[in-house]
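# my questions concern the predicted model and sequence given below.
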Amino acid sequence: MTVQRRITTNFQRTIFKNPSGFTLIELLIFITILALLFLVSALFAPTYLKKARDAKRKADLEKIKVTLYDYYFDENCFPKTLPGCNEGFSADGTVYFNNFPCDPKGNGYGYQVEEEDCSQWFKILANLENIQDTDIDKVGCRHGCGPRCEYNYGLSSTNIRLNSGCVVYYACSPSRQCLEYEDPWKSDCPRVFENDPTCNDNICESGTKKDVLCHDESGKHIPEEKPEEKPKEPGGEKSPKK
């Protein structure tokens, strides 16, 4: 009996243990854990990478904003253009950047200034990859920012709205009409609706005065008047004399 037990024990060790000392069950558990880790990393790694790149974009734009104000204090204007990626940025002997930052994917950031020779405002723009980022709403770029409304994030000088030209504001006038406002905050409007000409399905008619109605219409949008066309002379254009 003793010899048979020893043979059985040796046989079991041979079957269930590999030369390194791990049992087959331990190996299966180890492989399962590795497979789960690989699956989790494959699912969540892209999201973490997007957020990391977005964090760099935000940090870059903050640095550029500070530098643009430094430039303005020296030159009394904001620069017309920005340097390319990793290029130097200087003026009149003052070095503002040795290596100008660029988007993590290698592209330059968007930049917009007024068309005057001496621009008094600026916008620096980027596209965040995580479109669920609440900062997109905080800066007002959910409906787009930039010259063609193609960016969803950015920073600007304090004298211009970042999303100007991309968002149409509507608010409830004192007469309970949903009107387009150029500057609803000037009229002390308690609620502002972006790109919504119905004002949330005519809440102006049902809401209370305190909650929805603007104080006045001073910030209301006034359409530009088109120049009147001069009436044509009777008989149409005169044919040139031969």
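Yes, it's here. Here the structure is a predicted model, which is why all the values come from computation and not from measurement.

# help me confirm that residue 58 comes into contact with residue 138.
No - Residue 58 lies out of contact with residue 138 (CB atoms under 8 Å); the separation is 11.2 Å. C-betas here are computed from N, CA, C, even on glycine.

# of these two, who's got more company?
residue 58 (15 against 10; other CB atoms under 10 Å).

# what's downstream of the strand or helix carrying that one, the next helix or strand?
Using DSSP states H and E, residue 58 falls within helix 24-75. Downstream of helix 24-75, the next assigned helix or strand under DSSP H and E is strand 89-91.

# in that next one, what's buried?
residue 89 (16 or more other CB atoms under 10 Å).

# counting by contacts, list what that strand packs against.
Packing contacts for strand 89-91, counted by 3 or more CB pairs under 8 Å, 6 or more residues apart in numbering; DSSP states H and E, involve helix 24-75, strand 94-97.

# quick one, domains of this structure?
In the domain annotation for the chain, the residue ranges read 56-156, 169-212 (automatic domain parsing).

# next, find the distance separating residue 185 from residue 69.
Distance, residue 185 to residue 69, by CB to CB, to the nearest Å: 24 Å.

# same list, the domains of the chain, but as JSON lines with distance to residue 24 please.
Listed next are those as JSON lines, based on distance: least, CB to CB, whole Å:
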{"stretch": "domain 56-156", "distance to residue 24": "43"}
{"stretch": "domain 169-212", "distance to residue 24": "62"}
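
# least reliable of those by average pLDDT, please.
When mean pLDDT is averaged over each of the domains of the chain, domain 169-212 scores lowest at a mean of 91.

# how far off centre is that one?
Its chain's C-alpha centre and that of domain 169-212 lie 26 Å apart, by CA atoms, centre = their mean, to the nearest Å.

# picking that back up, what is the helix holding residue 58 packed up against?
With contacts defined as 3+ CB pairs under 8 Å, 6+ apart, the packing partners of helix 24-75 are strand 89-91, strand 94-97, strand 122-126, strand 153-156.
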